[in-house]
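Visitor: I'll drop the sequence and a predicted model, then ask my questions.
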Amino acid sequence: MSERIWRKSSRSGTGGAGGQDCVEVAALAEGCGIRDSKAPDAGHLTLSPESFTRLVARVKRGELNR
């Protein structure tokens, strides 16, 4: 299996004392991987490309804000 390349948004900043709430994504053989950038060893979620596209659209529309 090839090595996974995890990426996070360039808008996420570098962290620091307050940290940043950020996720990383990777293209996986079985779909799109999503993980917490602060806890990369905690595992990841895998979504189908279609589900990932729907998730990103909902985030952009602000539908998942608390």
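Guide: Great, that's in hand.

Visitor: bridging residues for Val25?
Guide: With DSSP bridges as the criterion, Val25 is bridged to Arg7, Ile34.

Visitor: Let me know how buried it is, in neighbour terms.
Guide: 18 (other Cβ atoms under 10 Å). Every residue, glycine included, has its C-beta placed from N, CA and C.

Visitor: Show me the shaky parts of the protein.
Guide: 1-2, 11, 13-20 (pLDDT under 70).

Visitor: What segments of it are helices?
Guide: Taking DSSP state H as the criterion, the chain carries its helices at 49-60.

Visitor: who's in contact with Leu45?
Guide: Going by Cβ atoms under 8 Å, 6 or more residues apart in numbering, Leu45 touches Gly33, Ile34, Arg35.

Visitor: distance of it from Ala29?
Guide: 15 Å (Cβ to Cβ, to the nearest Å).

Visitor: Ile5 too?
Guide: 13 Å.

Visitor: And for Val23?
Guide: Distance, Val23 to Ala29, by Cβ to Cβ: 20 Å.

Visitor: what does Lys38 give?
Guide: 25 Å.

Visitor: The two: which is more packed in?
Guide: Between Lys38 and Ala29, counting by other Cβ under 10 Å, Lys38 is the more crowded of the two (13 against 9).
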